[in-house]
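Trainee: Give me a 3D structure for the following:
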Amino acid sequence: MGPRTGGLLLHPTSLAGPEGIGTLGQEARAFVEFLAGAKQGIWQVLPLGPTGYGDSPYQCFSAFAGNPLLVSLAELLGKGLLHKADLKRKDLAAHGNQVDFGAVQAHKLPLLARACAAFAASSAGQRAAFDAFCAEESHWLDDFALFMALKAENGGKAWPEWPRAIAVREPAALEAARLRLAAAISIHKTTQFFFFEQWKALHALCRERGIRLMGDLPIFVAHDSADVWAHPEIFFLASDGRPSFVAGVPPDYFSATGQLWGNPLYRWDVLARSGYRFWVDRFRGALRLVDLVRLDHFRGFEAYWEVAGRAENAMGGRWVPGPGPALFDALVAELGPLPIVAENLGVITPEVEALREQYGYPGMAILQFAFGSDDAADSFKPHNYPRNVVVYTGTHDNDTLAGWWNAGVGDSTRSADEVEAEHSLARLYLGTDGSDIHWVCVRAVMASVADTAIVPVQDVLGLGSQARMNLPGRAAGNWRFRLEDGQLGSELQARLRAMAEVYGRAPVVSKPAS
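Mentor: Take a look at the predicted model:
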């Protein structure tokens, strides 16, 4: 990870702005400038793909594509691909600190299609860049664009419910679909070009300001995705295309019956015979977008929780060995040393930690988890942090600090007595009466010996549970949090800058030679 640094966690959808959802345009550039002024070295985001079920960035229609809702319409206007009248929708901004995904889709997708039509008549220079993009990304882009066009043609149904010839990818049926849906396919490819061009410009600005982008690579992909439809041989699927085994985790802090994620499981033996090509491609794509990769559910590479495809909860699953070092050796052989942060939360065994330590990947520690036990040796307590760890006040799955402190039992499986014992230990450990709990916790992670400290934006703002990003196990209503205009002001920036400086996390600026 390099020298001591700090950063903020904020998904781009949560940025403020007039389009009903954060975008990669002016709002994102303003956030980069806020980070630079606050002397933060990392901007961490969630997966950037096109969201499907429940609007979750962990259930995307593609492991490679970008989310079209993040494309800035204002940037397209600036390129002459839209008109000012197209952007006049006051009602989208009226949702304040919540994203209404349905309203945003209804507004933005037709305008993106209009911009794509204008682009099709654009200059040769722009078309040449687009053609080069399509050629370079063809290994996923062709299947993705066809998948999305077919999904619309079939009323949004999951791919196993499409006509069988299409679902099983009979060559003649696919060729006929490509001809029939050529216009829709072109729109999806052009929209992806817009996304990647805007992200490339944002990434360049981050580099100029000394900020590294940390992305998030989920271990599993959504069943209803172009990836599974195009590569069914690498997943455990039944004859009807539905998963025969799915992913999840056993009963935990968040759920007494475990978490049933529903993602199809990999056939690691088949992937091994291909040299793990799918994973090599995923990492290569991710490293073009970001500088660091938070590898989600790292423990699943050592062993994963396998649940029957039709199970109602995750309680009856079993642990099955994952690919282990073979996968990472293949990745390193193709791509070189990988800038991975291993998400090693949950049921972690010595074998999982041995796999992580074999490659020197830093793990994660969550301050919110430090006070549920009076065990002084608990690895979540700051006095036990190693240097090679990324420490957080909380993650996108946690309640906000203020929500955690004030909500009582809340989302966990703890009793009221356990909550009170947790708070009592936290007050003693942190030396606080709890009146300014979010800044006390931010200071605790920033002051720690951990090389990297990252804080969700909601926590530096002291926002309550209404600003929570995700509640695991809740099917709808997640991922909606948005900043309001002006929330990230100069006073907050100065306070973060002071902490970065006093705890040695500010970027080091080289002095010119005398």
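
Trainee: give me every residue that touches the residue lying closest to Ala342 once chain neighbours are set aside.
Mentor: Here the nearest residue to Ala342 in space, its sequence neighbours aside, is Phe298; by C-beta to C-beta, 6 or more residues apart in numbering that works out to 3.9 Å. Heads up, the C-betas are built off the backbone N, CA and C, glycines and all. Phe298 sits next to Ile219, Ala342, Glu343, Asn344, Val352, Leu355, Arg356, Tyr361, Gly363 when contact means C-beta atoms under 8 Å, 6 or more residues apart in numbering.

Trainee: Distance check, the residue nearest to the fourth one when sequence neighbours are not counted against Leu295.
Mentor: This points to Asn344. For Asn344, the nearest residue in space outside its immediate sequence neighbours is Gly363; the separation is 4.1 Å by C-beta to C-beta, 6+ apart. Counting by C-beta to C-beta, to the nearest Å, the separation of Gly363 from Leu295 is 10 Å.

Trainee: Need the residues touching each of these two.
Mentor: Residues within reach of Gly363 and of Leu295 at once, by C-beta under 8 Å, 6+ apart, are Val341, Ala342, Glu343.

Trainee: Would you agree Leu73 is in contact with Asp86?
Mentor: Yes - between Leu73 and Asp86 a contact is recorded at 7.0 Å, counting by C-beta atoms under 8 Å.

Trainee: who has more neighbours, the two?
Mentor: Comparing Leu73 with Asp86 by other C-beta atoms under 10 Å, the one with more neighbours is Leu73, at 23 against 16.

Trainee: So what does that one look like in phi/psi?
Mentor: As for Leu73, its main-chain torsions (degrees, to the nearest 10) stand at phi -70, psi -30.

Trainee: Please apply the same query to the one 5 residues further on.
Mentor: Listed backbone geometry of Gly78 is phi -60, psi -20, with angles given as degrees, to the nearest 10.

Trainee: do the same with Ile366
Mentor: Note on Ile366: backbone dihedrals following degrees, to the nearest 10 are phi -120, psi 120.

Trainee: beta partners of it?
Mentor: Under the criterion DSSP bridges, Ile366 forms beta bridges with Tyr392.

Trainee: Go ahead and confirm it touches Lys381.
Mentor: No - taking contacts as C-beta under 8 Å, Ile366 lies outside contact range of Lys381: 11.0 Å.

Trainee: And these two? Which one has more around it.
Mentor: In this view Ile366 and Lys381 are compared by other C-beta under 10 Å, and Lys381 has more residues nearby, 20 against 16.

Trainee: Could you report the pLDDT at that one?
Mentor: According to the predicted model, the pLDDT of Lys381 comes to 96.

Trainee: cool, Lys90 as well?
Mentor: 60.

Trainee: With Ala476 instead?
Mentor: Predicted confidence (pLDDT) for Ala476: 85.

Trainee: So it sits against Gly54, correct?
Mentor: Yes - with contact defined as C-beta under 8 Å, Ala476 and Gly54 form a contacting pair (5.8 Å).

Trainee: Between those two, tell me which one has more neighbours.
Mentor: Per other C-beta under 10 Å, whichever of Ala476 and Gly54 has more neighbours is Gly54, with 15 against 10.

Trainee: wait, that one sits on Asn478?
Mentor: Yes - with contact defined as C-beta under 8 Å, Gly54 reaches Asn478; the gap is 6.5 Å.

Trainee: what number of residues lie near the closest residue to Gln487 other than its chain neighbours?
Mentor: Take Gln487 and drop its neighbours on the chain: the residue closest to it by C-beta to C-beta, 6+ apart is Leu461, 6.3 Å away. Look at Leu461: counted by other C-beta under 10 Å, it has 18 neighbours.

Trainee: So Leu461 versus Gly41, what's the distance?
Mentor: With distances defined as C-beta to C-beta, the gap from Leu461 to Gly41 amounts to 20 Å.

Trainee: Repeat that for Asp374.
Mentor: With the distance defined as C-beta to C-beta, Asp374 ends up 34 Å from Gly41.

Trainee: The two: which is more packed in?
Mentor: Neighbours per residue, other C-beta under 10 Å: of Asp374 and Gly41, the larger number sits with Gly41, 25 against 12.

Trainee: Phi and psi next, for the closest residue to that one other than its chain neighbours.
Mentor: Distances taken as C-beta to C-beta, 6+ apart put Thr5 closest to Gly41, at 3.7 Å, once the chain neighbours are dropped. According to degrees, to the nearest 10, the main-chain angles of Thr5 amount to phi -150, psi 170.

Trainee: Then Val71?
Mentor: Torsion angles at Val71 (phi, psi; degrees, to the nearest 10) stand at phi -70, psi 130.

Trainee: There's contact between it and Glu19 in this structure, I believe.
Mentor: No - applying C-beta under 8 Å, one finds Val71 not in contact with Glu19, separated by 9.3 Å.

Trainee: more crowded one of those two?
Mentor: Set side by side, Val71 and Glu19 give different neighbour counts by other C-beta under 10 Å, the larger being at Val71 (26 against 23).

Trainee: show me the contacts for the more buried one.
Mentor: Residues touching Val71, when contacts are defined by C-beta under 8 Å, 6+ apart, comprise Thr23, Leu24, Lys108, Leu112, Thr191, Phe194, Phe195, Gln198.

Trainee: ok so the fifth one is a helix residue?
Mentor: It stands for Thr191. Yes - looking at Thr191 with DSSP: H, G, I helix; E, B strand; the rest coil, it is inside a helix.

Trainee: residues near the spatially closest residue to it that is not a sequence neighbour, how many?
Mentor: Nearest residue to Thr191 in three dimensions, chain neighbours excluded: Pro68, at 4.7 Å (C-beta to C-beta, 6+ apart). A count of nearby residues for Pro68, using other C-beta under 10 Å, gives 19.

Trainee: Could I get the contacting residues of Pro68?
Mentor: Going by C-beta under 8 Å, 6+ apart, Pro68 touches Pro50, Lys108, Leu109, Leu112, Thr191, Gln192, Phe194, Phe195.

Trainee: Which members of the residues you listed are classed as buried?
Mentor: The neighbour-count criterion (16 or more other C-beta atoms under 10 Å) marks Pro50, Lys108, Leu112, Thr191, Gln192, Phe194, Phe195 among the contacts of Pro68 as buried.

Trainee: Greatest separation within the residues you listed: which pair is it?
Mentor: Pairwise distances among those were taken by C-beta to C-beta; the largest, 14.5 Å, belongs to Lys108 and Gln192.

Trainee: residues in contact with Gly25?
Mentor: Listed by C-beta under 8 Å, 6+ apart, the contact partners of Gly25 are Gly17, Ser72, Ala74, Glu75, Gln198.

Trainee: right, I mislabeled it, should have said Phe220
Mentor: Contact analysis of Phe220 by C-beta under 8 Å, 6+ apart lists Ala247, Trp261, Asn263, Pro264, Leu265, Tyr266, His297, Gly300.

Trainee: what about the closest residue in space to the last one that isn't next to it in sequence, how many neighbours?
Mentor: Beyond its immediate neighbours in the sequence, the residue positioned closest to Gly300 (C-beta to C-beta, 6+ apart) is Ile219, lying 4.8 Å away. Burial measure for Ile219: 20 neighbouring residues, criterion other C-beta under 10 Å.

Trainee: Contacts only, for Pro163.
Mentor: Going by C-beta under 8 Å, 6+ apart, Pro163 touches Asn154, Ala173.
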